[in-house]
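Participant: here is a sequence with its predicted model. Questions after.
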Amino acid sequence: MSQQEVILLLGSNLGDPEKNLDLALEKLKSGNIEILKISELLISPPVEFVSSNIFCNIATIILTDLSPIQLLNFIKGIEVDMGRVDDSRAFGGYRDRIIDIDIIKYNELNFISERLEIPHKKHLFEREFSKILLKNLSRKT
């Protein structure tokens, strides 16, 4: 498969969130993924759940030869490796997490399966922090 341009959103609100984001980026690189751009760090309150732990968030543009499902499996593996014990779907709602990595866009692909929807409409159109990060990413050279 040829190289695909993908936008990911990463967030953390447990432990040392900035360090968690850096580690997640390093783990992405270990999967033969090239990181093209990284947004500025954005601090934001939790969305769709209550917690006293604030989030550190970044967006990144990557190049990968993984298919959408292969990429999803890879990033879920990173989350587990970093100590995330449950997914919001399995838990039935959002809660604090050491790392969260979401696929926002995969080139111009429209894809829907039981586990994955691309583009990620909540991040593109509903969540203010996501819109800020994506705008920041598009301005960054």
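Facilitator: On my side now, so go ahead. Residues are numbered from 1 along each chain as shown.
Participant: in the protein, what helix or strand scores lowest on average pLDDT?
Facilitator: helix 88-91 (a mean of 54; mean pLDDT, DSSP states H and E).
Participant: and the contacts of the next helix or strand after it?
Facilitator: Sequence-wise, the next helix or strand downstream of helix 88-91 (DSSP states H and E) is strand 100-106. Here strand 100-106 makes contact (C-beta atoms under 8 Å, 6 or more residues apart in numbering) with 4, 6-12, 24, 59, 68, 71-72, 75, 78-79, 84, 116, 118-120, 123-124, 130, 134. In this view, the C-beta of every residue, glycine as well, is placed from N, C-alpha and C.
Participant: same check, this time on stretch 120-137
Facilitator: By C-beta under 8 Å, 6+ apart, the list of residues contacting stretch 120-137 reads 7, 9, 37-40, 42, 44, 47, 55, 57-61, 102-105.
Participant: one more pass at 6 Å, please.
Facilitator: L9, K37, S39, E40, L42, S44, V47, N57, A59, D102, I104 (C-beta atoms under 6 Å, 6 or more residues apart in numbering).
Participant: count of neighbours near the fourth one?
Facilitator: For E40, the number of neighbouring residues by other C-beta atoms under 10 Å comes to 13.
Participant: one more: the first one?
Facilitator: For L9, the neighbour count with other C-beta under 10 Å is 24.
Participant: for it, give its distance to C56.
Facilitator: Distance of L9 to C56, given as C-beta to C-beta, to the nearest Å: 12 Å.
Participant: go on, the fifth one?
Facilitator: Using C-beta to C-beta, we find L42 at a distance of 8 Å from C56.
Participant: still on that earlier bit, so which of the contacts of strand 100-106 are in helices?
Facilitator: Taking DSSP state H, the ones among the contacts of strand 100-106 that sit in helices are A24, P68, L71, L72, I75, I78, E79, S130, L134.
Participant: is the nearest residue to F74 once chain neighbours are set aside in a helix, a strand, or coil?
Facilitator: In space, and not counting its chain neighbours, F74 is closest to G31: 5.2 Å by C-beta to C-beta, 6 or more residues apart in numbering. Recorded secondary structure, G31: coil (DSSP: H, G, I helix; E, B strand; the rest coil).
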